[in-house]
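In: Sequence and predicted structure, then a few things I'm wondering about:
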Amino acid sequence: MNPKESAQKRYEALRAYFLESLSQKEAAKRAGYSISTFQSLVSNFQNGKVEFFVKPHYGPNKRQTSDFIQERVVSLRESNYSVYEIKDILANEGFNTSIQTINRIIKDEGFAKLPRRTKEELGLTKKNTLLPQISTAIDLDQLNSYSFECQVGGIYYFIPYILQTGLYELISSVPFPETSKLSKINSIFSILALKLIGHERLSKISSYNHDAGFGFFAGLNVPPKTTATSTYSYLVDKETIQSFMKEFISRMKSTYPQYYQGDTINLDFHSIPHYGEKSEMDDNWVGARHQSLKSALTLFAQDGESRHLLCANTDINRQDETNEIMNFVNYWTDVKGIIEQTLVFDSKLTTYEMLEKLDIDNIKFITLRRRGKKLIENVNSIPDEDWIKVDLKKEKRKFNKFKMYESEIILPRTNLKVRQVIFKEHGRQVPTFLITNNFEIELKTLALQYANRWLIENKFSELVDFFNLNTLSSPFMIRIYFDVVLTIVADTLYRLLADDLKRFEDCTPKTIFSDFINCRCNGEVVGEEIIIKMKKKATTPVFKSNEIFQKSYSIPWLGNKRLRFDWIS
């Protein structure tokens, strides 16, 4: 005999040992057991642990899946949902159903396989991310109940300042383009929201495609996509954006005159690099790269006391850069009516001939004189007793003590008489030559005013580091002058907010964003009220103690509903 069933095999082996009187070795060999296995079998049998003919337990004749789940799967399949989509839907409904079970139900019901669908038909992009909704304006007049979440809810803290600066009315009055689906307010506020969070557009923008909070900020269901935003920026001509900038600064000067009363205006060029292979831009020196690159040459002007930016002109041609200072003079005269401040800039900004024109127009300036070998040699011949010792006593300045020598000269190639002040023992190997047409200012004040020119260099660092000013070449292309002017608006809003945050007035936008703005919020529209429920942070008490954020505000681009803040755990 050669039994196939294991129970029969055990029975025959034990029968041979106990009834046929075979030895354990012989019985084990006949049954195909090892001697140790057979000895264990004998021991278990003697202890009553072996059952030979057990009645089998059969499984259920009916599938254990509930009738409701089967009917739900059939209903969803009839609507052409895939197996994976059905699993996700059931999971959202609280039913944990396996792919195998869903497949078996579908097969038993006789459904054929779904035809292969494209990624677009599946609602996916090429990178297998979900396709966002089409951005459309929300009809707020008909909206009585609505809720949303926002990844960076702190952008709503800027709304009081947007209202105070009259930004909504200004955008409405300027002839910005509109599309068939989006108004100019929708388009510009959605770009401004991205500016206010400061993320690098190169890699971060797609993470906000589904964010209803960012969309609601601009009166939309979700933000416009990169293509729509980029296309819109190219619809804006340079004259329109420059007109907008001039009017924005004019309104700021009227509303916040304290920020535009400094004794000096700092001027400097900044080159925004472009790495495109077919770039037609001029080669300009890019300090961050220490080399000459294809770039957009941009002139920035900054109030020397408040650090607020006054204007920017972008994509300046090389042949026109020396005249750019006169363009600023014309611009600032239109804004303020008169130029009372002293213009402070370095030697490369313009030429001696342009300095003479400034003097003829009674505009004061402080700048550097370019050093030559002969100038430096002449310094060595000045007697020590003619040098004036100066101590600026300025905090955080490494070299406060140095020596100065003053004289009057005629600038080469001009008839312009200026004061020349030479600095030495000031932390540099070679002397510095400062020239000005202001003969009344004290030497120490002159030194301080030029030293403050570095504020604009610090501002460039902020614009590059947080507002991504140098990301001209990226998948998210915004027309350069449109981007720069919105950068000025965003920076101004940050400065206004910082001034209302006790003990944080001098913090950079990056610090303000990290400590105050970067927090989630839940938004809720209830009737005529918009409630922004901010997640609490360590800095929340600063907002709660400020009356600006205790008020409610009527928001014209959100159906004139009143917005108020609340803070939740």
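Out: The structure has been received and is ready for your questions.
In: drop to CA atoms for contacts and neighbour counts, all remaining ones
Out: Will do.
In: what ranges of the protein fall below the confidence cut-off?
Out: Where the chain drops to pLDDT under 70, the residues are 1, 53-63, 117-133, 199-206, 275-280, 288-290, 394-397, 471-478.
In: Domain boundaries for it, per the record?
Out: Taking automatic domain parsing as the reference, the chain has its domains at 6-46, 67-116, 260-462.
In: can you tell which of those domains is closest to residue 188?
Out: Closest approach to residue 188 among these (Cα to Cα): domain 260-462, 18.4 Å.
In: Residue 343: which element?
Out: Of the helices and strands defined by DSSP states H and E, residue 343 is found in strand 342-344.
In: That strand: how far from the chain's middle?
Out: 33 Å (Cα atoms, centre = their mean, to the nearest Å).
In: Show me what that strand is packed against.
Out: The contact analysis (3 or more Cα pairs under 8 Å, 6 or more residues apart in numbering; DSSP states H and E) places strand 342-344 against strand 264-273, strand 365-368.
In: what do you get if the cut-off is 10 Å, keeping everything else the same?
Out: With contacts defined as 3 or more Cα pairs under 10 Å, 6 or more residues apart in numbering; DSSP states H and E, the secondary structure elements packing on strand 342-344 are strand 264-273, strand 291-303, strand 365-368, strand 432-436, helix 443-451.
In: As TSV, these with mean neighbour count and distance to residue 424 would be great.
Out: Below are the helices and strands packed on strand 342-344 laid out as TSV (neighbours: other Cα atoms under 10 Å; distance: least, Cα to Cα, whole Å):
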stretch	mean neighbour count	distance to residue 424
strand 264-273	24	23
strand 291-303	21	28
strand 365-368	22	14
strand 432-436	22	7
helix 443-451	16	12
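In: can you redo these as JSON lines with distance to residue 242?
Out: Formatted as JSON lines, the helices and strands packed on strand 342-344 follow (distance: least, Cα to Cα, whole Å):
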{"stretch": "strand 264-273", "distance to residue 242": "18"}
{"stretch": "strand 291-303", "distance to residue 242": "13"}
{"stretch": "strand 365-368", "distance to residue 242": "25"}
{"stretch": "strand 432-436", "distance to residue 242": "30"}
{"stretch": "helix 443-451", "distance to residue 242": "28"}
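In: so which of those comes closest to residue 550?
Out: For these, the distance to residue 550 is smallest for strand 291-303, at 31.0 Å, taking Cα to Cα.
In: Direction included, what does that closest one pair up with?
Out: Using DSSP bridges, the strands paired with strand 291-303 are strand 264-273 (antiparallel), strand 283-286 (antiparallel), strand 309-313 (antiparallel).
In: Quick check: which of those is nearest to residue 336?
Out: Each of the strands paired with strand 291-303 was checked against residue 336 via Cα to Cα, and the shortest separation belongs to strand 309-313, namely 11.0 Å.
In: Helix or strand next in line after that closest one, which one?
Out: Moving on from strand 309-313 towards the C-terminus, the next helix or strand you reach (DSSP H and E) is helix 324-336.
In: buried residues in that following helix?
Out: Of the residues in helix 324-336, those with enough neighbours to count as buried (16 or more other Cα atoms under 10 Å) are 324, 325, 326, 328, 329, 331, 332, 335.
In: for stretch 542-562, same thing?
Out: For stretch 542-562, burial by neighbour count (16+ other Cα under 10 Å) applies to 543, 549, 552, 553, 554, 555, 557, 558, 559, 561, 562.
In: repeat for stretch 367-375
Out: Using 16+ other Cα under 10 Å as the burial criterion, the residues of stretch 367-375 that qualify are 367, 368, 369.
In: how much space is there between the first one and residue 171?
Out: Going back to what we said before, that points to residue 367. Between residue 367 and residue 171 the distance is 37 Å, computed by Cα to Cα, to the nearest Å.
In: With residue 185 instead?
Out: For residue 185, the distance to residue 171 (Cα to Cα) stands at 7 Å.
In: Show me which of those two is the more surrounded one.
Out: Set side by side, residue 185 and residue 171 show unequal neighbour counts under other Cα atoms under 10 Å, the larger going to residue 185 at 20 against 17.
In: just checking, that one touches residue 193?
Out: No. Assessed by Cα atoms under 10 Å, residue 185 is found out of contact with residue 193, at 11.8 Å.
In: Helix, strand or coil: sort out residue 427 for me.
Out: The local conformation at residue 427, judged by DSSP: H, G, I helix; E, B strand; the rest coil, is coil.
In: Show me the helices in the stretch 351-500 of the chain, by range?
Out: For the stretch 351-500 of the chain, the helices identified by DSSP state H, counting those that start in this stretch occupy 352-360, 373-380, 443-451, 454-465, 480-499, in order along the chain.
In: what packs against the last one?
Out: The criterion is 3+ Cα pairs under 10 Å, 6+ apart, and the helices and strands that helix 480-499 contacts are helix 159-164, helix 184-197, helix 226-233, helix 238-255, strand 291-303, strand 309-313, helix 454-465, helix 509-512.
In: what do you get if the cut-off is 7 Å, keeping everything else the same?
Out: Using 3 or more Cα pairs under 7 Å, 6 or more residues apart in numbering; DSSP states H and E as the contact definition, the elements that helix 480-499 packs against are helix 184-197, helix 238-255.
In: Now do the buried residues in it.
Out: Buried residues in helix 480-499, defined by neighbour count with 16+ other Cα under 10 Å: 480-498.
In: The first one now?
Out: Of all the residues in helix 352-360, those buried under the rule 16+ other Cα under 10 Å are 352, 354, 355, 356, 358, 359.
In: quick one: the first one from residue 317, how far?
Out: If I follow you right, that is residue 352. For residue 352, the distance to residue 317 under the criterion Cα to Cα works out to 19 Å.
In: before we move on, the earlier item: export the domains of the chain to CSV and tack on distance to residue 512?
Out: As requested, the domains of the chain are arranged in CSV below (distance: least, Cα to Cα, whole Å):
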stretch, distance to residue 512
domain 6-46, 76
domain 67-116, 38
domain 260-462, 12
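In: Off-centre distance for stretch 74-81?
Out: For stretch 74-81, the gap between its own C-alpha mean and the chain's C-alpha mean amounts to 42 Å (Cα atoms, centre = their mean).
In: which residues touch that stretch?
Out: Among residues not part of stretch 74-81, those counted as contacts by Cα atoms under 7 Å, 6 or more residues apart in numbering are 86, 106.
In: how about 8 Å then?
Out: Contacts of stretch 74-81 from elsewhere in the structure, counted by Cα atoms under 8 Å, 6 or more residues apart in numbering, are 86, 105, 106, 109, 114.
In: Apart from its chain neighbours, what residue comes closest to residue 292?
Out: Using Cα to Cα, 6 or more residues apart in numbering and skipping residues adjacent in sequence, the residue nearest residue 292 is residue 285, 4.2 Å away.
In: Run a quick neighbour tally on the one you found.
Out: Neighbour count for residue 285, taken as other Cα under 10 Å: 19.
In: for it, what are its contacts?
Out: With contact set as Cα under 8 Å, 6+ apart, residue 285 has these partners: 271, 291, 292, 293.
In: can you put the residues you listed in JSON lines and add distance to residue 163?
Out: Listed next are the contacts of residue 285 as JSON lines, based on distance: Cα to Cα, whole Å:
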{"residue": "271", "distance to residue 163": "33"}
{"residue": "291", "distance to residue 163": "43"}
{"residue": "292", "distance to residue 163": "42"}
{"residue": "293", "distance to residue 163": "40"}
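In: quick one: which of the residues you listed is nearest residue 514?
Out: Comparing every one of the contacts of residue 285 with residue 514 (Cα to Cα), the shortest separation belongs to residue 271, at 27.3 Å.
In: I'd like to know how far that closest one sits from residue 296.
Out: Applying Cα to Cα, the value for residue 271 to residue 296 is 6 Å.
In: Would you mind listing the residues touching both of those two?
Out: Between them, residue 271 and residue 296 have residue 284 as joint contacts when contacts are counted by Cα under 8 Å, 6+ apart.
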